[in-house]
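>>> here is a sequence together with a model predicted from it:
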Amino acid sequence: MASILVVDDDACVRALLRGLLEAEGHEVRTVDDGFAALRAVPAQRPDCVLLDVRMPGMDGHEVLARLRALDGGARLPVVMLTAADDDATAWRAWEGGVDRLLPKPVDAEVLLRQLRHVQAAAARAHGGRRRRC
């Protein structure tokens, strides 16, 4: 299936997402902050990034901006997860070029469905070549 990088400062969330995604056959790597994410993506490019919005040091919005600035970063599918329930957070994510924005706590069915949608959109954007996510 897909190679997915999970970026979240909460160890419980990382473990939950790893378990869910691995059960679906995905290869999962996890990191606990934005700085580690920015090192991990170029080192071993994932098919998709699950990115928490609220993290200490560098929030998800800044990580997203820096990911988009990387070579090929504009085409990297990014799904952001947030516990924030406000329009400003959502608007900032969409302006930053996020592919999907999902609320926390994460609904497993919704997450898996949205990952399939992101995968299909990436495949269409790449001329039918199947991108996994």
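Great, that's in hand.
>>> next up, the contacts around Leu101.
Residues near Leu101 by CB atoms under 8 Å, 6 or more residues apart in numbering: 79-80, 82, 90, 93-94. Where C-beta positions appear, they are placed from N, C-alpha and C, glycine not excepted.
>>> part of a strand, is it?
Yes. Leu101 forms part of a strand when assessed by DSSP: H, G, I helix; E, B strand; the rest coil.
>>> begin at 28 from now on, thanks
Sure, I'll start numbering at 28, so the last one becomes Leu128.
>>> roughly how far does it sit from Val106?
Note on Leu128: its distance to Val106, by CB to CB, to the nearest Å, is 8 Å.
>>> avg pLDDT for the lengthiest helix in the chain?
Determined from DSSP state H, the single longest helix within the chain is helix 135-152. What helix 135-152 shows for mean pLDDT is 89.
>>> distance from the chain centre to it, please.
Mean C-alpha position of helix 135-152 versus that of the full chain (CA atoms, centre = their mean, to the nearest Å) differs by 11 Å.
>>> so which elements touch it?
helix 38-50, strand 75-79, strand 105-109, strand 127-130 (3 or more CB pairs under 8 Å, 6 or more residues apart in numbering; DSSP states H and E).
>>> what mean pLDDT would you report for the longest one?
By that I understand helix 38-50. 98.
>>> and of the contacts of Leu128, the nearest to Val145?
Using CB to CB, Val106 comes nearest to Val145 of the contacts of Leu128, at 6.3 Å.
>>> just the pLDDT at that closest one, thanks.
97.
>>> any idea what it is bridged to?
With DSSP bridges as the criterion, Val106 is bridged to Leu77, Arg127.
>>> now do Val33
Val33 has these beta-bridge partners by DSSP bridges: Thr57, Leu77.
>>> contacting residues around it?
Per CB under 8 Å, 6+ apart, neighbours of Val33: 41, 44-45, 48, 55-58, 77.
>>> among the contacts of Leu128, which one has the most neighbours?
In terms of neighbours by other CB atoms under 10 Å, the contacts of Leu128 top out with Met107 at 25 neighbours.
>>> so that residue versus Ala63, what's the distance?
As judged by CB to CB, Met107 and Ala63 stand 17 Å apart.
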